[in-house]
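Enquirer: Sequence first, predicted model second:
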Amino acid sequence: MNNPTIPIAKDNDGKPIWKFLLAELKPRGKWFTPFNIISIPIILLGIVLIVIRFWKGIGSITNLSQEIPWGLWIGFDVVTGVAFAGGAYVLTFMVYILNMKKYHSIVRVTVLNGFLAYVFYAGALLLDLGRPWNVINPIIGNSFGTSSVLFLVAWHFMLYMIAELIEFSPAIAEWLGAKRARKILSGMTIAAVIFGITLSTLHQSGLGALYLMAKDKIHPLWYSEFIPILFLVSSVFAGLSMVIFEGSISHKVFFNQISEKNHKAQKGILQGLSKICAGAMFAYFFLQLLVFIHNKNWDLLFTPMGYWFLTEMIGFVLIPMMLFIYSYRTSNTMLVRIAAILTMLGIIINRLNVTVIGFRWDAAIHYVPSWMEIVVTLTVIFTEIWIFRWIINRMPVLRESPEWANDEK
Amino acid sequence: MALDRRNFLKTMGVAGLTLLAGRNLANKTTANGEIEFRGLLFDATRCVGCQSCESACAEAHQFPQPTDEIVAGVVRKTSETQRCVVNLRNTSAGEIYSRNACMHCNEPACAAACLTQAMFKTKEGPVIWRADKCMGCRYCMVSCPFDVPKFEYHSANPKIEKCDLCYDRITQGKIPACAEACPAEALVFGSRRELIAEARKRFAGTPASYIDQIYGENVAGGTGYLSLSPAPFEELGYNTKLQNSSYPELSKGFLYTVPSVFVLLPPLLLGIYEANKNNHLKEEEHE
């Protein structure tokens, strides 16, 4: 951050590109920040654990069993992580398709966030694969398992990453000062957005559809044929809550990167987002209610799992929804943030209820993630934040694009 | 049944592949209508608990010989080193031996779940696992209603282990090792149709010794491993709460909507985009 002006575009015209990249790779800013002090030892420990995992097998560091083959790494890293990454498709829909200019200033950081989330959480999936060297099999076409929901999800992850990379690529071009490339890449944005939204609707719901065949294994309060729809609708407010949360942190941490204009616009953006969140949550709550009535599970409501279900639905859907409505009416930014955090907790609880807590809820031995699984999960998240910070400090994501890029419009 | 599944795969193939690459479609659809699914019939009234099948299985697939004794009421489970187990159960008809192994479903959830076709329903009937295709995602384990596939959690090169009905032996014209080893004709190998006929014949011969049900005739859309019992099947540790329709059916609806979404959503989005493209002109007027 010693370099707040953006001379890259002009300066590197004469300089060889590799020298510029090498200079950019060097770390900037202070080393001894609280985040670094916490994250560095965890990442190092996580790397050691990952080495052990590939050397001694998945069972050496996880508590997975023959009955419960998917744990924290799938339930949290992949299923929950992807729900939080849903902000990218919702926001690109609003900005590029509905032409809501108000949100334009946050679209780049959201797409970056979404892209990194996919790269890292799909990357975390590799850790969970027993035979990761075969991961290309469904891609290269020698064995298409087209009847599999996972086949669909795998393809969509890959294609969506490409779509998001295209959506984000103008920022990379601006960083490198590549004017021609920027022009070409910007021209591809709309196509990438439309393709990306289509892919997102299908794999956000697809993640839920993965569990459709586990009918007898998931607690009936969380299993229904409507899991895909519920996952899709909840990904809308999961993603937007993440945008609110991440935006609030970015505005503090990267304060001097954000222009005066965008600082002022933030309040309006938060209000707008809280309105959309409330709407989506209302739809979601209503759907959950319909599914509950449809499944006739009244008797299950008064069991421990039933109370847990009510906690999720009331405490982490209904209450944050009302908070969003209230904060919108009273223009209370603090309340928007609280509501967003509650909503995110609710999403974590919901996804874990389907994938981990409610999965084999009746088994004699319950799955509880080992500390090593949690450390590896934290390693994935922290590494992502490191890369995120590296990009934010170098590319025009939060800050304005260089002059030459604006001239082209 | 076989044709249903092929049609399902074929349709899904069309759905998926039109988006990816329109080739490699027809290789699964060669007409083998005359080949019937083969399976096993287990008759709990004849099983004497000698564990010959367990030991023959271990020998045929290079596993360590099972050493644990059968004790009434203690449930032994299949594992990554044991593909079939015999247990002694206390039932309303007295102490009865039960036997667990892969059910070789007509429409297997594991094979439908597999994104690489590593888990594969052969035209002969056995559901087999192919190491060169599997990526170890364990979605087959999540999907299998009988919890059959087992994973080697403590290996750097883990395999999925499950009964393959001695597929190699079947293709050589031999019968599975367990059925060959069984001294009491409690395990019979044959085509599924023959086995069901045989089961009915046994019902008719000694109606008092059986409950009038073949476990596997209907459950999960029908399975290749069929069981007869003198006591209700839940007392033998069989899951009787499973649905009778096939499990891949459950995610079929979702998969069928995928092509329609892919065809309908992009033009819709494009339309909305075109409609809103010039909105900024209006906004500027207002401001």
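Expert: Noted; the coordinates are in hand. Residues are numbered from 1 along each chain as shown, chains lettered A, B, ... in the order given.

Enquirer: count of neighbours near the residue in the stretch 1-150 of chain B positioned nearest to chain A?
Expert: The nearest approach of the stretch 1-150 of chain B to chain A comes at B:Gly136, 2.4 Å away (CB to the nearest CB). (Each C-beta comes from the backbone N, C-alpha and C, glycine too.) By other CB atoms under 10 Å in any protein chain shown, the residues close to B:Gly136 number 21.

Enquirer: My understanding was that B:Asn239 contacts B:Phe146; is that so?
Expert: Yes: under the criterion of CB atoms under 8 Å, B:Asn239 makes contact with B:Phe146 at 7.0 Å.

Enquirer: For chain B, give me the ranges with low pLDDT.
Expert: Judged by pLDDT under 70, chain B has its weakly predicted residues at B:1-34, B:280-287.

Enquirer: If we use 80, what do you get?
Expert: Scanning chain B for pLDDT under 80 picks out B:1-35, B:278-287.

Enquirer: just chain A next, same as before
Expert: A:1-20, A:22-31, A:122, A:141-143, A:403-409.

Enquirer: Could you point out the longest helix of the chain?
Expert: Since no chain was named, I'll use chain A. Using DSSP state H to define each element, chain A has its longest helix at helix A:260-295.

Enquirer: ah, no, chain B please
Expert: Chain B, longest helix under DSSP H: helix B:248-276.

Enquirer: before we move on, the earlier item: who's more crowded, B:Asn239 and B:Phe146?
Expert: Per other CB under 10 Å, whichever of B:Asn239 and B:Phe146 has more neighbours is B:Phe146, with 24 against 14.

Enquirer: so is that one in a helix, a strand, or just coil?
Expert: When classified by DSSP: H, G, I helix; E, B strand; the rest coil, B:Phe146 comes out as coil.

Enquirer: which residues of the stretch 251-400 of chain A fall in helices?
Expert: A:260-295, A:304-310, A:319-330, A:333-352, A:371-392 (DSSP state H, counting those that start in this stretch).

Enquirer: could you redo those helices as a markdown table and give each row distance to B:Glu185 and mean neighbour count?
Expert: As requested, the helices of the stretch 251-400 of chain A are exported to a markdown table (distance: least, CB to CB, whole Å; neighbours: other CB atoms under 10 Å in any protein chain shown):
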| stretch | distance to B:Glu185 | mean neighbour count |
| --- | --- | --- |
| helix A:260-295 | 45 | 17 |
| helix A:304-310 | 46 | 15 |
| helix A:319-330 | 64 | 19 |
| helix A:333-352 | 49 | 21 |
| helix A:371-392 | 48 | 18 |
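
Enquirer: mind listing what the spatially most central residue of chain A touches?
Expert: For chain A, A:Ala85 is the residue whose C-alpha lies nearest the centre (CA atoms, centre = their mean; 2.3 Å). Contact partners of A:Ala85, counting by CB atoms under 8 Å, 6 or more residues apart in numbering or on different chains, are A:Asn113, A:Gly114, A:Ala117, A:Tyr118, A:Tyr121, A:Gly239, A:Met242.

Enquirer: quick one: it from A:Ile194, how far?
Expert: 18 Å (CB to CB, to the nearest Å).

Enquirer: Same question for B:Arg200.
Expert: For B:Arg200, the distance to A:Ile194 - CB to CB - is 58 Å.

Enquirer: repeat for A:Pro220
Expert: Applying CB to CB, the value for A:Pro220 to A:Ile194 is 38 Å.

Enquirer: between those two, which one's more packed in?
Expert: A:Ile194 (23 against 15).

Enquirer: in terms of contact, does the more buried one touch B:Pro266 like I think?
Expert: Yes: using CB under 8 Å, A:Ile194 makes contact with B:Pro266 at a distance of 5.2 Å.

Enquirer: now the helices of the stretch 251-400 of chain A as TSV including distance to chain B?
Expert: TSV is the format used below for the helices of the stretch 251-400 of chain A (distance: least, CB to the nearest CB, whole Å):
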stretch	distance to chain B
helix A:260-295	14
helix A:304-310	17
helix A:319-330	22
helix A:333-352	15
helix A:371-392	13
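
Enquirer: one step back: give me phi/psi at the residue of the stretch 1-150 of chain B closest to chain A?
Expert: With angles defined as degrees, to the nearest 10, B:Gly136 sits at phi 70, psi 30.

Enquirer: likewise the one 10 residues further on?
Expert: For B:Phe146, the backbone dihedrals are phi -100, psi 0 (criterion: degrees, to the nearest 10).

Enquirer: could you say which helix or strand contains whichever residue of the stretch 101-250 of chain A sits closest to chain B?
Expert: Of all residues in the stretch 101-250 of chain A, A:Gly130 sits closest to chain B, at 2.4 Å by CB to the nearest CB. Counting by DSSP states H and E, no helix or strand carries A:Gly130.

Enquirer: Next, count neighbours for B:Pro108.
Expert: B:Pro108, neighbours per other CB under 10 Å, totals 30.

Enquirer: likewise A:Lys215?
Expert: Residues near A:Lys215, counting by other CB under 10 Å: 19.

Enquirer: can you check the one 10 residues further on too?
Expert: Counted with other CB under 10 Å, the neighbours of A:Glu225 add up to 16.

Enquirer: quick check, it in a helix?
Expert: No: looking at A:Glu225 with three-state DSSP, it is coil, so not inside a helix.

Enquirer: Just to check, it is in contact with B:Glu249?
Expert: No: here A:Glu225 does not reach B:Glu249: they are 10.8 Å apart, not a contact under CB under 8 Å.

Enquirer: Could you check how many residues crowd around A:Trp222?
Expert: Neighbours of A:Trp222 under the rule other CB under 10 Å: 22.

Enquirer: any idea how far it lies from A:Phe231?
Expert: Separation of A:Trp222 from A:Phe231 (CB to CB) stands at 11 Å.

Enquirer: what comes up buried for the longest helix of chain B?
Expert: Within helix B:248-276, the residues scored as buried using 16 or more other CB atoms under 10 Å in any protein chain shown are B:248-252, B:254-255, B:257-259, B:262, B:265, B:269, B:273.

Enquirer: what's near enough to touch B:Phe189?
Expert: B:Arg38, B:Gly39, B:Leu40, B:Ile175, B:Pro176, B:Ala179.

Enquirer: do that again at 6 Å, thanks
Expert: Contacts for B:Phe189 (CB atoms under 6 Å, 6 or more residues apart in numbering or on different chains) come out as B:Leu40, B:Ile175, B:Pro176, B:Ala179.

Enquirer: which non-adjacent residue is nearest B:Glu54?
Expert: B:Pro66 (4.9 Å; CB to CB, 6 or more residues apart in numbering or on different chains).

Enquirer: and the gap between the one you found and B:Ala44?
Expert: 19 Å.

Enquirer: More neighbours: these two, which one.
Expert: Just comparing B:Pro66 and B:Ala44: by other CB under 10 Å the higher neighbour count belongs to B:Ala44, 24 against 19.

Enquirer: isn't the more buried one right next to B:Ser229, touching?
Expert: Yes: using CB atoms under 6 Å, B:Ala44 is in contact with B:Ser229, at 4.4 Å.

Enquirer: from the contacts of B:Phe189, which two are the most distant?
Expert: B:Leu40 and B:Ile175 (9.4 Å; CB to CB).

Enquirer: who's more crowded, those two?
Expert: Counted by other CB under 10 Å, B:Leu40 and B:Ile175 do not tie: B:Leu40 has more neighbours, with 32 against 17.

Enquirer: State the three-state secondary structure for that one.
Expert: Following three-state DSSP, B:Leu40 is assigned to strand.

Enquirer: beta partners of it?
Expert: B:Phe189, B:Tyr225 (DSSP bridges).

Enquirer: Would you quantify the distance from it to A:Ile106?
Expert: Per CB to CB, B:Leu40 is found 61 Å from A:Ile106.

Enquirer: Kindly report the same for B:Tyr247.
Expert: 43 Å.

Enquirer: A:Phe195 now?
Expert: A:Phe195 sits at a distance of 21 Å from A:Ile106 (criterion: CB to CB).

Enquirer: So for those two, which sits in the more crowded spot?
Expert: In terms of neighbours (other CB under 10 Å), A:Ile106 is the more surrounded of A:Phe195 and A:Ile106; the figures are 26 against 21.
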